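*Asks:* Any chance you can model this:
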Amino acid sequence: MTNIKWPELLPCGLLADSFEKQPQSNVIRTTMDAGPKKARRRYTARTIKHNGKQIFDAAELAVFEQFYHNVIADGVLRFLFKDSITGETAEFRFTDDPVVTDADGQFTVSMSLERL
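*Replies:* Next comes the predicted model:
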């Protein structure tokens, strides 16, 4: 388990009105010579994709960018983050680079994460 924590200066969790949760498939299906396909579990544990947004001011955006680029190595490393549904702290990592949009000094950051 990682000991890297989401920065305390930033809100933890994704905005409720932007949150999407999608469990990733954990099944392999194999075509047989005859009869139905064979199905089995791929892993004993699976990842769950979490997509959503956060809103930052300029100072919070600077903290986020420093965390993303320097602390978790451009999203490679795992970190502890709050699950938006359960509220518990769990291990997450980015599945894609965040997208930042500016609306008069309020920065919306779209994130694609996976819970491990």
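*Asks:* From now on I want contacts and neighbour counts done on CA atoms only, so please keep to that.
*Replies:* Noted.
*Asks:* And the pLDDT at the residue of the chain most remote from its centre?
*Replies:* Residue farthest from the centre of the chain, counting by CA atoms, centre = their mean, is residue 34 at 40.5 Å. The model reports residue 34 with a pLDDT of 88.
*Asks:* Now do the SS call for it.
*Replies:* Using DSSP: H, G, I helix; E, B strand; the rest coil, the structure places residue 34 in coil.
*Asks:* ditto for residue 67
*Replies:* Classified using three-state DSSP, residue 67 is helix.
*Asks:* can you give me the strands for this structure?
*Replies:* In the chain, the segments counted as strands under DSSP state E are 20-23, 27-30, 38-41, 48-56, 79-82, 89-94, 99-103, 106-115.
*Asks:* Number of residues surrounding residue 31?
*Replies:* Here the number of neighbours of residue 31 (other CA atoms under 10 Å) works out to 10.
*Asks:* Quick check: closest non-adjacent residue to it.
*Replies:* residue 37 (4.7 Å; CA to CA, 6 or more residues apart in numbering).
*Asks:* Surely the one you found and residue 29 touch.
*Replies:* Yes: if you go by CA atoms under 8 Å, residue 37 and residue 29 touch, sitting 6.1 Å apart.
*Asks:* Per-residue pLDDT of residue 111, please?
*Replies:* 94.
*Asks:* chain center to stretch 68-78, what's the gap?
*Replies:* On the basis of CA atoms, centre = their mean, to the nearest Å, stretch 68-78 is displaced by 12 Å from the centre of the chain it belongs to.
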